[in-house]
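In: sequence first, then the predicted structure, then my questions.
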Number of protein chains: 2
Amino acid sequence: DMAVRHYTLDFNLSTAVDPASTVSGLLSIFHEQELTETIHDTDGHGYLATFVGKNVTPSLLNALENKLKVLLNGNITRIKKLPALLRGAKVDRYWPTADGRLIEYDIDKVVYEEDSEYQNIKILHSQQYGNILVLDGDVNLAESDSAYTQAITGSGKENYAGKEVLILGGGDGGILAELVKQKPKMITMKVIDGCKKYMRKTCGDILDNLKGDCYQILIQDCVPLLKKYVQEGRTFDYVINDLTAIPISTSPEEDSTWEFLRLILDLSIKVLHPSGKYFTQGNSANLTEALNLFEERLGRLSCPVDFRKEVVCVPSYLEQWVFYTAWKK
Amino acid sequence: DMAVRHYTLDFNLSTAVDPASTVSGLLSIFHEQELTETIHDTDGHGYLATFVGKNVTPSLLNALENKLKVLLNGNITRIKKLPALLRGAKVDRYWPTADGRLIEYDIDKVVYEEDSEYQNIKILHSQQYGNILVLDGDVNLAESDSAYTQAITGSGKENYAGKEVLILGGGDGGILAELVKQKPKMITMKVIDGCKKYMRKTCGDILDNLKGDCYQILIQDCVPLLKKYVQEGRTFDYVINDLTAIPISTSPEEDSTWEFLRLILDLSIKVLHPSGKYFTQGNSANLTEALNLFEERLGRLSCPVDFRKEVVCVPSYLEQWVFYTAWKK
């Protein structure tokens, strides 16, 4: 692997030090160690020395820090070695959170990759999370994430026995595998092929057959199906929307996902039994603007609903995630 | 804030392209935008263009990517905009995980900072995790982390009513606040002063008084206290060791924390009632070597024990965490 690790020292100096001679002194230390470096003087807020080298070891890093301390003659008022950043690795380890923060995952292998008609599908292996499903660059679900399935099916407080359930999306099979234990009559949709083989801790053997005693997997788009159900007057005790998170963009007029979401939401509530429940994921708890926009839309559907939300920790997401339950008023 | 944001484009080119003219072409695009840049050719595995600028906006980033695509004339075989890295910010947002990965937290404020006799104590505010206690640079506990308290007290499967409980550490008050609801007879130790005020979602008002109906907070070192209990023959139904994680270093001969851990472990089992339970945290699930070393040590205490472990998701840790339960054979 020809990956490059960027190291950074972040430090402040006392005002007694001459900046020009400091920078040239630092440069000579880096060059001595055959390091390629950039030094930024952040306008009086301190210095950032970012460097790259072939054989940087923890002991070299410590030696470097000590040399700087000697050179700067006790004038360092603050110093922090920042975690190194690996760039250009064969297996990409960096996937941003929904709120845009940089996260390094412990990904060591690409297990599966495919461009389907709808999206780019990757399954990546992590030591701690197991296989992780990544759709169009978004971390979707890992084998460690039963907390997600738990939250989007009502946090263990629902009784699905004998109930009519409609799952929208749910291509990884996690929701289906969980609910089928309670013997409902169930329908699900659009399965992601790689999951059957590589996410078995999530889906078990539930995706091996398209039909079972109490479930049926339909390989078709959900909008025409929902419209057909509305027309037939068919209703469900539970509608679980596992299609997509709330868009990050808060400009509905520019982002067609908002329009898709509104359409699905409207049709879902129409096929919901008067005493039924609608479950869906929201997004990162930090995306307050997008969540507010979604809640405002929930408040003005053609068929009025009440809702509540819950903040849940889904292990592989590395951020707190909001889930919604809605029901007819 | 005079922070610097480092952006990186990570891309591969088809072999049809001449590397030398590519790099000079890239440099001219960056200079045109008044960006400071470094371009690394990772020995045939691709290119890394890292750049820094005062007014980098999402639209500038998109324009840059498009210019590169035009310059490289459709010869880009892969391109990824990596999340930017913020350096030199007034409030530090980067705290590595126990397994050394780079993580950007959503920290927006330093709430409290103090150098005590024992350690550097920081309480930082995060939008999604609430206040976070950081001891000597390690994320210790956030207000969102009831999962930690739950795991280190036996995952809700124990009945503490009327039991004798010894908490080692637990300075944030979380364990005490939780267990006191079950009315045990209890002792805890060494409280971290800032927590009383700034971690109230964790500790409630339990740290306001050093003594309550069923608890007593002792401000003293735990080793002499444990030795005194051993001498008196006093035993406890539960010993909860919340002092320290397993050391990351796997060279016990060089790291005195291992010796401290062994001493505490040995004394704790000695004061454990024959039918009692010992609870403690381990470390990151990824630190398999350190965890194995700990388990090996558990296997050869002067007083033989059995143990089990559990992997738990503690929200603010951003990695899976191992907890141990041990009991006398």
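Out: Thanks, I have it.
In: start and end of stretch A:8-17, how far apart?
Out: One end of stretch A:8-17 sits 21 Å from the other (C-alpha to C-alpha, to the nearest Å).
In: what sits up against that stretch?
Out: A:19, A:22, A:45-51, A:64-65, A:68, A:72, A:75-82, A:84-85, B:85, B:87-88, B:92 (C-beta atoms under 8 Å, 6 or more residues apart in numbering or on different chains). Backbone N, C-alpha and C define where each C-beta goes, glycine included.
In: CA atoms only for stretch A:155-168 - export them in PDB, please.
Out: Extracted in PDB, the C-alpha atoms of stretch A:155-168 (Å, rounded to 0.1, in the frame of the first residue of the first chain):
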ATOM      1  CA  SER A 155     -38.100   0.100  20.000                       C
ATOM      2  CA  GLY A 156     -39.600  -3.300  21.100                       C
ATOM      3  CA  LYS A 157     -42.900  -1.800  22.200                       C
ATOM      4  CA  GLU A 158     -45.000  -3.100  19.300                       C
ATOM      5  CA  ASN A 159     -46.700  -6.400  18.900                       C
ATOM      6  CA  TYR A 160     -46.500  -7.500  15.200                       C
ATOM      7  CA  ALA A 161     -48.200 -10.900  15.600                       C
ATOM      8  CA  GLY A 162     -50.900 -11.200  12.800                       C
ATOM      9  CA  LYS A 163     -50.500  -7.600  11.700                       C
ATOM     10  CA  GLU A 164     -50.300  -6.300   8.200                       C
ATOM     11  CA  VAL A 165     -46.900  -4.600   7.700                       C
ATOM     12  CA  LEU A 166     -45.500  -2.700   4.700                       C
ATOM     13  CA  ILE A 167     -41.800  -2.200   4.600                       C
ATOM     14  CA  LEU A 168     -40.600   0.500   2.100                       C
END
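In: one step back: buried only: go through the contacts of stretch A:8-17 for me.
Out: Among these, those classed as buried by 16 or more other C-beta atoms under 10 Å in any protein chain shown are A:22, A:45-51, A:64, A:68, A:72, A:76, A:79, A:81-82, A:84-85, B:85, B:87-88, B:92.
In: taking the stretch 151-300 of chain A, what residue is nearest to chain B?
Out: Nearest to chain B in the stretch 151-300 of chain A, going by C-beta to the nearest C-beta, is A:Ala285, at a distance of 4.8 Å.
In: neighbours of the spatially closest residue to that residue that is not a sequence neighbour, how many?
Out: With sequence-adjacent residues excluded and distances taken as C-beta to C-beta, 6 or more residues apart in numbering or on different chains, A:Ala285 is closest to A:Gln320, at 4.0 Å. A:Gln320 has 21 neighbours, counted by other C-beta atoms under 10 Å in any protein chain shown.
In: what residues does the stretch 151-300 of chain A put near chain B?
Out: Residues of the stretch 151-300 of chain A lying near chain B by C-beta under 8 Å from any C-beta of the partner chain: A:Ser284, A:Ala285, A:Asn286.
In: out of those residues, which is most surrounded?
Out: A:Ser284 (26 neighbours).
In: tell me where the stretch 151-300 of chain A has helices.
Out: A:174-179, A:193-198, A:200-203, A:222-232, A:256-270, A:288-298 (DSSP state H, counting those that start in this stretch).
In: nearest to B:Lys329, of those?
Out: helix A:200-203 (32.7 Å; C-beta to C-beta).
In: got the contact list for the closest one?
Out: Against helix A:200-203 from outside (C-beta under 8 Å, 6+ apart): A:130-131, A:141, A:143, A:145, A:149, A:172-174, A:176-177, A:195-196.
In: avg pLDDT for it?
Out: Averaged across helix A:200-203, pLDDT comes to 92.
In: tell me which residue is most central in chain A.
Out: Chain A has A:Val139 as the residue nearest its centroid, 3.9 Å off, counting by C-alpha atoms, centre = their mean.
In: close to chain B, is whatever helix or strand it lives in?
Out: Here A:Val139 sits within strand A:138-142, counting by DSSP states H and E. No: interface with chain B: strand A:138-142 contributes nothing (C-beta under 8 Å from any C-beta), its closest point being 10.4 Å away.
In: run through the neighbouring helices and strands of that strand.
Out: With contacts defined as 3 or more C-beta pairs under 8 Å, 6 or more residues apart in numbering or on different chains; DSSP states H and E, the packing partners of strand A:138-142 are strand A:130-135.
In: now the strand it packs on, how far from the centre of its chain.
Out: With C-alpha atoms, centre = their mean, to the nearest Å as the basis, strand A:130-135 stands 10 Å off its chain's centre.
In: got the CA positions of it in CSV?
Out: Taking Å, rounded to 0.1, in the frame of the first residue of the first chain, the C-alpha atoms of strand A:130-135 are listed here in CSV:
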residue,chain,number,x,y,z
GLY,A,130,-18.6,-6.2,10.8
ASN,A,131,-19.7,-5.7,7.2
ILE,A,132,-21.0,-2.1,6.5
LEU,A,133,-23.4,-1.4,3.6
VAL,A,134,-22.5,1.9,1.9
LEU,A,135,-25.0,3.3,-0.6
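In: quick check: buried residues in it?
Out: The neighbour-count check on strand A:130-135 (16+ other C-beta under 10 Å) flags A:Gly130, A:Asn131, A:Ile132, A:Leu133, A:Val134, A:Leu135 as buried.
In: can you lay out the helices of the stretch 151-300 of chain A as CSV showing mean neighbour count?
Out: CSV is the format used below for these (neighbours: other C-beta atoms under 10 Å in any protein chain shown):
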stretch, mean neighbour count
helix A:174-179, 24
helix A:193-198, 18
helix A:200-203, 21
helix A:222-232, 14
helix A:256-270, 17
helix A:288-298, 16
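In: just give the closest residue to A:Tyr215, not the sequence neighbours.
Out: A:Tyr215's closest residue in space is A:Met186 (C-beta to C-beta, 6+ apart), at 4.2 Å.
In: on that earlier part again, you'd agree the residue of the stretch 151-300 of chain A closest to chain B is up against B:Gly130?
Out: No: here A:Ala285 does not reach B:Gly130: they are 11.0 Å apart, not a contact under C-beta atoms under 8 Å.
In: any idea how far A:Lys190 is from A:Ala142?
Out: For A:Lys190, the distance to A:Ala142 (C-beta to C-beta, to the nearest Å) stands at 20 Å.
In: higher neighbour count, the two?
Out: A:Ala142 (28 against 18).
In: partners of the more buried one in the sheet?
Out: Here A:Ala142 sits in beta bridges with A:Ile132, going by DSSP bridges.
In: kindly report the domain assignment for chain A.
Out: A:4-86, A:91-140, A:144-328 (the TED database).
In: now those domains as CSV including distance to B:Val312?
Out: Listed next are the domains of chain A as CSV, based on distance: least, C-beta to C-beta, whole Å:
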stretch, distance to B:Val312
domain A:4-86, 23
domain A:91-140, 12
domain A:144-328, 9
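In: just the strands in the stretch 1-150 of chain A please.
Out: A:4-13, A:36-41, A:47-52, A:76-87, A:107-115, A:120-126, A:130-135, A:138-142 (DSSP state E, counting those that start in this stretch).
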